[in-house]
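Participant: next one to model:
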Amino acid sequence: MRNYTTELLEGPDGFGHNEPLDPQAAIREQERIAALASEPNETRWEIEEGWEVPTSVGEYETSMKVAQGEKCPECNDYGTVGIPERGLDTGQERVRSYPCFCQALHSWHFQWRMTVEPRYQGATFTDSLGVSDSSLLSPVRQQEIYDTLRDHPEGSYYLFGPAGTGKTHAAAALFAHALLDDVQGTRRARRCPASRLLDQTQRYRIDPKSPLPLVTEELVIRAYKEGRKFSLFLEEFDRWNPTLDRIECLKRIIDAVYDHEGQIVATSNRSLEGLVQRWTRVLPDSEEDAKALIRRIGGDVGCRTVEFR
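Facilitator: Numbering: from 1, shown residues only. Reported below is the predicted structural model:
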């Protein structure tokens with residue numbers, strides 16, 4: 001892919017430089033050209049023919065090498081790419097600086113390592129199969145499930161089945177996809193055990209000076225206003241102590257995500273029916289509230305259940 005910044009540095013034909021320039025000289029040259037094109041009356045710009053912005057997920061494989069320490073072939077580790085643009089109304093020319101995709105990949109790898117446990121960090125849809133060697137399911141069954149998830153990675157899912165069947169592995173692969181959108185600015189992806197989110201929310205309500213919960217209704221709405229859909233990944237959805245307040249809290253957060261075109265992915269060892277039975281044993285008067293929560297996570301609003309058996 002052509003990169004204006006690299007061409008300014010290396011001096012190809014057509015740009016008027018026969019000797020390499022230092023990075024600061026390249027930046028000054030870009031600023032000079034941009035200043036010439038900053039006159040009023042031009043509001044519509046298009047990228048010159050033959051150029052493209054290197055920010056597509058299609059460059060993931062190349063950028064993986066960058067994350068492992070190699071220099072980015074697109075921006076030479078400057079972090080931005082200069083792309084010539086032409087005004088549609090006046091024909092003016094300018095150079096606009098776009099963030100290079102390698103920067104998003106550095107951010108992706110940092111968040112991935114901070115968020116996902118080491119044993120699941122190999123779970124992405126970029127590998128050949130995406131199956132887990134330690135799963136109790138057969139590779140064929142795992143592949144069937146992964147093909148379903150890979151075809152609709154932005155869908156909402158309730159993944160359930162016995163321990164050791166690969167639910168968390170599959171959810172991590174979906175999270176990897178959502179996190180790529182996050183670092184590119186089109187999505188907010190958050191992942192944590194359901195019990196931790198509920199504990200954070202409860203502490204924050206008691207003491208507003210405590211750390212903000214990982215996900216709140218307000219954060220979901222703010223992300224949507226910024227043009228970002230929200231992806232919420234709730235691990236161990238069956239492993240929290242139910243109270244009417246906690247059930248209502250989860251209902252509000254899930255409703256906020258769905259109302260703003262977001263994604264919910266939950267993992268659990270229990271079926272939806274098993275969850276209702278457990279919650280109603282603990283809270284005999286909570287059956288209607290429990291069923292209302294289950295309807296949100298179990299298919300009534302587009303969340304597909306996938307059994308790992």
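Participant: name the residue closest to the centre of this protein, please.
Facilitator: residue 179 (2.3 Å; CA atoms, centre = their mean).
Participant: which SS class is that residue?
Facilitator: Of the three states, residue 179 takes helix according to DSSP: H, G, I helix; E, B strand; the rest coil.
Participant: before we move on, which element is the residue lying closest to it once chain neighbours are set aside in?
Facilitator: Take residue 179 and drop its neighbours on the chain: the residue closest to it by CB to CB, 6 or more residues apart in numbering is residue 189, 4.8 Å away. For glycine as for every other residue, the C-beta is placed from the backbone atoms N, C-alpha and C. Assigned by DSSP states H and E, residue 189 belongs to strand 187-193.
Participant: next secondary structure after that strand?
Facilitator: Counting by DSSP H and E, what follows strand 187-193 is helix 194-206.
Participant: who does that next one touch, helix- and strand-wise?
Facilitator: Judged by 3 or more CB pairs under 8 Å, 6 or more residues apart in numbering; DSSP states H and E, the packing partners of helix 194-206 are strand 229-235, helix 244-259.
Participant: just say which of these is most tucked in.
Facilitator: Across the helices and strands packed on helix 194-206, averaging neighbours per residue (mean count of other CB atoms under 10 Å) puts strand 229-235 on top, at a mean of 25.
Participant: distance of residue 241 from residue 145?
Facilitator: Counting by CB to CB, to the nearest Å, the gap from residue 241 to residue 145 is 30 Å.
Participant: any idea how far residue 282 is from residue 243?
Facilitator: Distance from residue 282 to residue 243, by CB to CB: 9 Å.
Participant: give me the more crowded residue out of those two.
Facilitator: residue 243 (15 against 11; other CB atoms under 10 Å).
Participant: which ones are touching the closest residue to the more buried one other than its chain neighbours?
Facilitator: In this structure, residue 243 finds its nearest non-sequential neighbour in residue 283, 7.1 Å apart by CB to CB, 6+ apart. Shown in contact with residue 283 (CB atoms under 8 Å, 6 or more residues apart in numbering): 242, 243, 244, 290.
Participant: would you map out the domains in the chain?
Facilitator: 4-104, 116-307 (automatic domain parsing).
Participant: out of those, which gets the lowest mean score?
Facilitator: Per-stretch mean pLDDT for these is lowest at domain 4-104 (a mean of 64).
Participant: ok, back up a step: what pairs with the strand holding residue 189, and is each one parallel or antiparallel?
Facilitator: Strand 187-193 pairs in its sheet with strand 229-235 (parallel), by DSSP bridges.
Participant: next one: the strand it pairs with to chain centre, how far?
Facilitator: Chain-centre distance of strand 229-235: 9 Å, with CA atoms, centre = their mean, to the nearest Å.
Participant: give me the element residue 140 is part of.
Facilitator: Assignment of secondary structure by DSSP H and E places residue 140 within helix 139-151.
Participant: elements contacting that helix?
Facilitator: By 3+ CB pairs under 8 Å, 6+ apart, helix 139-151 packs against helix 167-183, strand 303-307.
Participant: next, count neighbours for residue 239.
Facilitator: Neighbours of residue 239 (other CB under 10 Å): 12.
Participant: equivalent analysis for residue 209, please.
Facilitator: 5.
Participant: for it, give its distance to residue 236.
Facilitator: From residue 209 to residue 236 the distance is 28 Å (CB to CB).
Participant: and if you look at residue 121?
Facilitator: The spacing between residue 121 and residue 236, counted by CB to CB, is 18 Å.
Participant: do residue 205 as well
Facilitator: According to CB to CB, residue 205 stands 22 Å off from residue 236.
Participant: list the buried ones in stretch 283-299?
Facilitator: Judged by neighbour count (16 or more other CB atoms under 10 Å), stretch 283-299 contains these buried residues: 283, 286, 289, 290, 293, 294, 296, 297, 298.
Participant: in stretch 199-210, what's buried?
Facilitator: Neighbour counts over stretch 199-210 (16+ other CB under 10 Å) mark 200, 201, 202 as buried.
Participant: nearest spatial neighbour of the second one, chain-adjacent residues omitted?
Facilitator: When the adjacent residues along the chain are set aside, residue 201 lies closest to residue 213, with 4.7 Å between them (CB to CB, 6+ apart).
Participant: end to end, how far does stretch 175-190 reach?
Facilitator: End-to-end distance for stretch 175-190, by CA to CA, to the nearest Å: 8 Å.
Participant: measure stretch 260-269 end to end?
Facilitator: Using CA to CA, first and last residues of stretch 260-269 are 28 Å apart.
Participant: now tell me what touches that stretch from outside.
Facilitator: Against stretch 260-269 from outside (CB under 8 Å, 6+ apart): 154-163, 167-168, 171, 174-175, 178, 194, 220-221, 223-224, 229-238, 254, 256-258, 275, 296-297, 303.
Participant: give me that answer again for 6 Å
Facilitator: 154, 156-160, 163, 167-168, 171, 174, 220, 224, 229-235, 237-238, 254, 257, 297, 303 (CB atoms under 6 Å, 6 or more residues apart in numbering).
Participant: many thanks, have a good one.
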